[in-house]
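Participant: With the input below, show me the fold.
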Amino acid sequence: MNPVRAFLKRKNIEISARRYGIDAMSAMAQGLFASLLIGTIIDTVGQQAGIDYLCEMGSYASSMAGPAMAVAIGFALGAPPLVLFSLIAVGNAANTLGGAGGPLAVYLIAIVAAEFGKAVSKETKVDILVTPCVTIAVGVALSSLCAPVIGQAAMTVGAVIQWATNLQPFLMGIVVSVLVGIALTLPISSAAICAALGLTGLAGGAAVAGCCAQMVGFAVLSFRENRWGGVVSQGLGTSMLQMSNILRNPRVWIPPTLASAITGPIATCVFHLEMNGAAVSSGMGTCGLVGPIGVYTGWVNDIAAGTRTAITAMDWIGLLLICIVLPAVLTWAFGLALRRTGWIKDGDLKLD
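Facilitator: Residues are numbered from 1 along each chain as shown. Down below sits the predicted model:
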């Protein structure tokens, strides 16, 4: 056997699309859910219930998103303990320096750092020094060099979104809803992009529509595979959990994306749904119900400012339709059509 291949096999370094594209991506999404997203849910509950301790708990969990994603990736790659623990520092560096592209930076850099760490693991008599040093040095160096560039690349999506906000409401509703929804599911931060752009008003409402279409859409679309656990993890957590399945079969992304192209202009042109709360809420969707709560907070702020007299029944109907009902019905209908054509098969949306 080729010496290089023998070494890689001994070190459990498998250079394959499945190992890096499916296993690592799926693990990263779970790490994100177990930190940032669950933290967001806890923090939202705390804010609405007025319980400061829950807000503090949620903040601690959310701040560990980078380390959690990196460790999850290392676990999926079969990293030994010293490598796994060293990835905590790597994940923090990559996520911090990556900005809006933080999750993508963690994904790419943690893979490289983990494999370098695995390569040197237990190869010397001072393994306890060498393995962490190599893993952290490689990861932090790559973070310094690459993470800011990845963050800037992620913000190019923001530039297109910013351009779309200048279109007339119907077209703006389509473009913003689709792009922000896609950003939500990709391993980049749609919330950071919306915050950086200050995406509020009608454009913010379109963004909320797109994010909800992805999250609620995937929750409903994958119900037969994932049942109620999938509804909670995707509908209140993140549609990013489906990224590994999207890589296997990109067609599964069609139904929720089509749904967002419909709900976006309905939000802007029919219900005039505006996000006048915090801009970051525009990119959160139904994660902890932050998006809908942000819209409600904007209503309250508008009443306090005197620009709105009251919250009407039509406001509530529009919010419910845009955030929950239409994404669920439309995605289910599109998904049913694609299942009948064979583009989506049973098991294509199964979460690990």
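Participant: So Leu336: helix, strand or coil?
Facilitator: Classification of Leu336 by DSSP: H, G, I helix; E, B strand; the rest coil places it in helix.
Participant: what's the neighbour count on it?
Facilitator: Neighbour count of Leu336, defined by other C-beta atoms under 10 Å: 13. Bear in mind the C-beta positions are built from the backbone N, C-alpha and C, glycine included.
Participant: Repeat that for Val231.
Facilitator: Residues near Val231, counting by other C-beta under 10 Å: 18.
Participant: Now do the contacts for it.
Facilitator: Ala219, Val220, Phe223 (C-beta atoms under 8 Å, 6 or more residues apart in numbering).
Participant: Out of these, who's the most crowded?
Facilitator: In the contacts of Val231, the most neighbours by other C-beta under 10 Å go to Ala219, 27 neighbours.
Participant: Distance-wise, check that residue relative to Asn166.
Facilitator: Using C-beta to C-beta, to the nearest Å, we find Ala219 at a distance of 33 Å from Asn166.
Participant: Buried residues of stretch 94-103, list them for me.
Facilitator: Using 16 or more other C-beta atoms under 10 Å as the test for burial, stretch 94-103 gives Ala94, Asn95, Leu97, Gly98, Gly99, Ala100, Gly101, Gly102, Pro103.
Participant: any chance of the residues you listed in JSON lines, with distance to Lys122, secondary structure and pLDDT too?
Facilitator: Listed next are the buried residues of stretch 94-103 as JSON lines, based on distance: C-beta to C-beta, whole Å; DSSP: H, G, I helix; E, B strand; the rest coil; pLDDT from 0 to 100:
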{"residue": "Ala94", "distance to Lys122": "25", "secondary structure": "helix", "pLDDT": "96"}
{"residue": "Asn95", "distance to Lys122": "28", "secondary structure": "helix", "pLDDT": "94"}
{"residue": "Leu97", "distance to Lys122": "30", "secondary structure": "helix", "pLDDT": "96"}
{"residue": "Gly98", "distance to Lys122": "31", "secondary structure": "helix", "pLDDT": "93"}
{"residue": "Gly99", "distance to Lys122": "36", "secondary structure": "helix", "pLDDT": "88"}
{"residue": "Ala100", "distance to Lys122": "38", "secondary structure": "helix", "pLDDT": "85"}
{"residue": "Gly101", "distance to Lys122": "34", "secondary structure": "helix", "pLDDT": "89"}
{"residue": "Gly102", "distance to Lys122": "31", "secondary structure": "helix", "pLDDT": "90"}
{"residue": "Pro103", "distance to Lys122": "30", "secondary structure": "helix", "pLDDT": "91"}
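Participant: Closest one to Asp346 out of those residues, please.
Facilitator: Of all the buried residues of stretch 94-103, Pro103 has the smallest distance to Asp346: 29.1 Å, by C-beta to C-beta.
Participant: ok, back up a step: return the closest of the contacts of Val231 with respect to Leu338.
Facilitator: Val220 (13.4 Å).
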